[in-house]
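In: no FASTA, just this:
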């Protein structure tokens, strides 16, 4: 199980980046994202809408008490930070285990550095928590997450030049036909 | 040479995501980012400021005529899109070559799909151009970009629990000492 904890969300400033974090968590194989900071129903709804249309399983929730989320998590706790130890040196110790992956929005409280098992850097350069999360999950799954399949209402057929989006015609996502489910 | 072209930047809506794209391009080994869409001096300055403090070489510029950027690029042209062919099937054909990597902000004009050599999907799921760019570069360099070193004014010493930022003391980035350069 991989759970992502996004700390310190600010409704006005972080909506798009926080949405990207949730979508990346889902697309790259995490099981859940927990948002902390300011409660933002529209953010949660936008992620739920993607789960409905593009498929799950994936969970999203809001928790004010992020300290308890960290304390109670029954696996390895990893904080992604540019100040940490290089991911390429650490990832072997983490792969295959249950992981809580913590990413910050506003400045991360100093106590977080001491609450986790690993402070991990995806490069020691300034860039993006969205990219750090994607690379962490990609390294954790060793690229296998790219082959993950989903059963949502819609899906894409990979294409050289065009855009091919299809509706799934199955028992759970009926497209309105009158045939009995096959 | 790897150049990233960010299409359709909107000053109000995209500033943070576009900044993340520039920082990811730099941190993951690209040589340059070109922004198109609305001209945004503060965006360019924020990237230049990171180059000054954290090191280069890395270039950033604004070009209104994005079609010419694509047409005139003397290498492989890759558009990152969820509708494209899976990166894991394509990357071997691209590695080692000069690449223009195109990422969109607002809806990408349909003509782009036909102007490029490859439309490449980093998963066929909705997520983030920031993540797609990071994973593309990470796959292009096969993870070696994580070991890249920089010579900026400041740098981080990787740390298990803390934050260690140091100023570089060398000829080009004097810290104010009176010794002759060594």
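Out: Received the coordinates, thanks. These numbers come from a predicted model, not from an experiment.
In: Longest strand in chain A, please.
Out: Longest strand of chain A, by residue count under DSSP state E: strand A:76-86.
In: Centroid-nearest residue for chain A?
Out: Chain A has residue A:25 as the residue nearest its centroid, 1.5 Å off, counting by CA atoms, centre = their mean.
In: That one contacts residue A:35, doesn't it?
Out: No. With contact defined as CB atoms under 8 Å, residue A:25 does not reach residue A:35; the gap is 10.6 Å. All C-beta atoms are positioned from the backbone trio N, CA, C, and that covers glycine.
In: quick one on the thing from earlier: near chain B at all, the helix or strand hosting the residue nearest to the centre of chain A?
Out: Assigned by DSSP states H and E, residue A:25 falls within helix A:11-27. Yes. Helix A:11-27 lies within reach of chain B by CB under 8 Å from any CB of the partner chain, at A:13, A:16-17, A:20, A:23-24, A:26-27.
In: go on, stretch A:43-51?
Out: Yes. Stretch A:43-51 reaches chain B (CB under 8 Å from any CB) through residue A:50.
In: And that stretch, what's buried?
Out: For stretch A:43-51, a neighbour-count test (16 or more other CB atoms under 10 Å in any protein chain shown) marks A:43-44, A:46-47, A:50-51 as buried.
In: Sort out which of those residues are in helices and list them.
Out: A:43-44, A:46-47, A:50-51 (DSSP state H).
In: wait, which of the residues you listed is closest to residue B:121?
Out: Comparing these against residue B:121 with CB to CB places residue A:50 closest, at 16.2 Å.
In: which residues of chain A fall in helices?
Out: A:11-27, A:41-54, A:66-72, A:87-94, A:111-115, A:129-140.
In: how far away is residue A:94 from residue B:28?
Out: 21 Å (CB to CB, to the nearest Å).
In: If you count surrounding residues, which of those two has more?
Out: residue B:28 (26 against 20; other CB atoms under 10 Å in any protein chain shown).
In: how about low-confidence regions in chain A?
Out: Low-confidence segments of chain A (pLDDT under 70): A:170-182.
In: Repeat the analysis, applying 80 as the threshold.
Out: A:106, A:169-182 (pLDDT under 80).
In: still on that earlier bit, relative to helix B:41-54, how tilted is the longest strand of chain A?
Out: With axes from the mean of the first three to the mean of the last three CA atoms, to 10 degrees defining the directions, strand A:76-86 sits at 70 degrees from helix B:41-54.
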